[in-house]
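Visitor: give me the fold of what follows.
(one chain, ligands or ions: 1)
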Amino acid sequence: MKIGVENSDVFVTSHRVSETNNNATASAVHGVIVRNAIKTYGVGSNRYPVLNELNMMVKKGTIYGLLGASGCGKTTLLSCLVGRRSLNSGELLVLGHEPGSANSGVPGPKVGYMPQELALYGNFTIKETLFFFGGIYNLKATFINSQCEFLSKLLDLPPCDRYVKTLSGGQQRRVSFAVALFHEPELLILDEPTVGVDPLLSHSIWNHLVRQSVDHGRTVIVTTHYIEEARQAHTIGLMRSGRLLVQDSPENLLNNFRAPSLEDVFLKLCIKDDAKNPFDSEHRLSSKNPGYKIPRLSVHRIGALIRKNYVLSFRNIGIFLFTYFLPALQASLFNVTLGHEPTGLRMAIVNDELDISQGRVCNYTTDCEYSMLSCRYLRYIKDNIIQVTGRKGQVWGVVHFGWNFSKEFEMRESDGDAAELANIIGSQIGINMDSSNQQIGVFIEKWLLEAFGDFVRDFRGACGNVPEAGLLPVTVAGVFITERKQGLLDRCMVAGVKMPEILLSYLINQFTVMVGQTALVYVSMLLVFNIPCQGNLAVAILITLLQGLVGISFGKLNLKYLKIIIGNYIFYIILGLLISTGCDNEMGALSLSQASFLPLLVISGICWPIEGMPLYLRKIAYIMPLTYAIESVRCIFSRGWGIEQSSVYAGVLVSFAWIFVFLALCLIVARVRKFAS
Ligand SMILES: Nc1ncnc2c1ncn2[C@@H]1O[C@H](COP(=O)(O)OP(=O)(O)OP(=O)(O)O)[C@@H](O)[C@H]1O
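Guide: Reported below is the predicted structural model:
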């Protein structure tokens, strides 16, 4: 018999969808009930319907074969059934509950899902794969082992210690099939399990499904493009353009349509459907957001995720070791490359005071004698400057002494305020600098001035005068320079894993790695580079660990005689999680992560003091996650300040605040993406 359901024609003989049916009664008989399901993709003018008032009833303990052309919406329907997507409107009951509702067990242990894509970890062995999902379902090792043995024989799997990535395509699909059914769920949802497998395997998969339903009373929904193989299903649903054209037993379909094959039935239905109204129901779409339920975290699921993360990390031991030692390596590299005074800077010395007849030898006395004072001054210039004679070769500048420098200097000393201008000019040391490199120029000028101070101090002392009286009335204090990663996910989620559990497991894994990284950084800084910590080292380590939750950055602190480089990780791991939550692929996440690193580094005052930025940028700089943290560590290391100082506790508070902000954003982005897709 034929029943018209609103504007979609659905032929129902064995099951009639009655709106007056009591849900409880229907659920007792039906494993899955779908009523008036509407699902759209896209937003605004790009919004298009994929499920169009679809109605479907799957009796408990039966096999339902969902057939339809590519793109008709089968996978979308299944993903709504397993709770990975939400309907825009309509009613969905799986095992008597709305998917995702409390105690529904869907997603969770009541459903076994085999997605279209492989959705297995290639670096896991078959056994590790089953143990990982077993951990998520909280199954005992003895049960997993016995199932592993049983399914190996049943599905003719390769030895359990073989890596998934080394298996053939057909073998991988059998492992994926084993993962869907090994925890013996009430409901099996299989998205094209027989695609790309040989007819023999396809036959054995169907035989197994029949046994699962007949012998164990399990409900099975299976999609396939191969219409004839679905003859073994109890019910067949023929889907087209987001609607079910018909659902009935294969025998009834063949009889009712007087067709020799199911393909012919489908063909007749399609021709009939084409004569009907075109697919357009957009005007009836309503928006229904089921709202966000705060999921309960499970220790065994988090545990399984953490073990999985560790196993996968250690399988890529090269990359793991690289990332583990990277902060210490980078910190060391920063320490050996940045902040040191430049050496080997060539300066040309043009000394006209030297006597050509005496071979221009630069001799001087240490007495109070106004003779060859230019040579006496030159001996105080730091070894960082290489003095070369004449103006030959590549030099950073020229230091020039007049022919009568010592005498002019003496006259200027004795005449004081009465000294003549010519005399003053004659007693000057001429310095001409190549100003193409500002930092080097600053260093050289500073050293030449320091040398002059030392020279005056020495000479005046030798003459019995107050040494400091001849010094320039300027002191230069310490200069501060502050320098600081999807089917698999779906499968885990259908198994009951919650987004916060995934985030938490990553945080725990990364945190343990980070503790080792931090230890290495501190050992190299304190013991190898002998950077002293004037304050409480524990607070500095706490800030580093808090900051470290998201990657690596460096803070370089240079105070007069010391340099400190600290690796910061926590902040960047969370930033990485946030980026990967919002990205569809690893390359996108990596690119975003890299792209965000440098701006963050620059704006946090690591490369250049914040005080040198425009005022509007300073305000932004101060709310950046690294700014206060670096300042705190600097205050602890160089000033010896404690946690009671606002500059120190601000770093701790700001680090905590950013961790919570980013974690909250990760969950919001994951939620928005679920509803947008
Ligand atoms: N995340 C998505 N965002 C936007 N459109 C999507 C998304 N997923 C699927 N679609 C579109 O929805 C339609 C139905 O896709 P779906 O995967 O449900 O079809 P299907 O019947 O399972 O196809 P196949 O048999 O080829 O797997 C297709 O037009 C597809 O391009």
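
Visitor: helix/strand/coil for Met239?
Guide: Going by DSSP: H, G, I helix; E, B strand; the rest coil, the secondary structure assigned to Met239 is strand.

Visitor: beta partners for it?
Guide: Met239 has the following beta-bridge partners by DSSP bridges: Gly68, Leu244.

Visitor: next, count neighbours for it.
Guide: By the criterion of other C-beta atoms under 10 Å, Met239 has 23 neighbours. Glycine gets a C-beta too; all of them are placed from N, C-alpha and C.

Visitor: that one and the ligand, how far apart?
Guide: 7 Å (C-beta to the nearest ligand atom, to the nearest Å).

Visitor: was I right to think that residue contacts Leu245?
Guide: Yes. Between Met239 and Leu245 there is a contact under C-beta atoms under 8 Å: 7.0 Å.

Visitor: endpoint to endpoint, stretch 429-440 covers what distance?
Guide: Counting by C-alpha to C-alpha, to the nearest Å, you get 19 Å between the two ends of stretch 429-440.

Visitor: now that stretch: average pLDDT?
Guide: Mean pLDDT, stretch 429-440: 76.

Visitor: what about Val456, helix or strand, and which?
Guide: helix 438-462 (DSSP states H and E).

Visitor: against which helices or strands is that helix packed?
Guide: Helices and strands touching helix 438-462, by 3 or more C-beta pairs under 8 Å, 6 or more residues apart in numbering; DSSP states H and E, are strand 345-351, helix 373-378, strand 397-401, strand 430-433.

Visitor: okay, those in JSON lines with mean neighbour count next?
Guide: Formatted as JSON lines, these follow (neighbours: other C-beta atoms under 10 Å):
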{"stretch": "strand 345-351", "mean neighbour count": "18"}
{"stretch": "helix 373-378", "mean neighbour count": "22"}
{"stretch": "strand 397-401", "mean neighbour count": "21"}
{"stretch": "strand 430-433", "mean neighbour count": "14"}
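
Visitor: the ligand: which of these is closest?
Guide: Closest approach to the ligand among the helices and strands packed on helix 438-462 is made by strand 345-351 (61.4 Å; C-beta to the nearest ligand atom).

Visitor: tell me what the closest one is packed against?
Guide: When contacts are defined as 3+ C-beta pairs under 8 Å, 6+ apart, strand 345-351 packs onto helix 373-378, strand 385-389, strand 397-401, helix 438-462.

Visitor: let me know whether stretch 66-75 sits next to the ligand.
Guide: Yes. Using C-beta under 6 Å from any ligand atom, stretch 66-75 reaches the ligand at Gly68, Ser70, Gly71, Cys72, Gly73, Lys74, Thr75.

Visitor: what residues sit buried inside the longest helix belonging to the chain?
Guide: Secondary structure of the chain per DSSP state H: the longest helix is helix 646-676. Burial within helix 646-676, assessed by neighbour count using 16 or more other C-beta atoms under 10 Å, is assigned to 648-652, 654-655, 658-659, 662-663, 665-667, 669-670.

Visitor: out of these, who's nearest Thr166?
Guide: Ala670 (32.3 Å; C-beta to C-beta).

Visitor: for stretch 183-192, list every residue counted as buried.
Guide: His183, Pro185, Glu186, Leu187, Leu188, Ile189, Leu190, Asp191, Glu192.

Visitor: SS state for the fifth one?
Guide: To tie it back to what came earlier, the one meant is Leu188. strand.

Visitor: same question for Met525.
Guide: helix.
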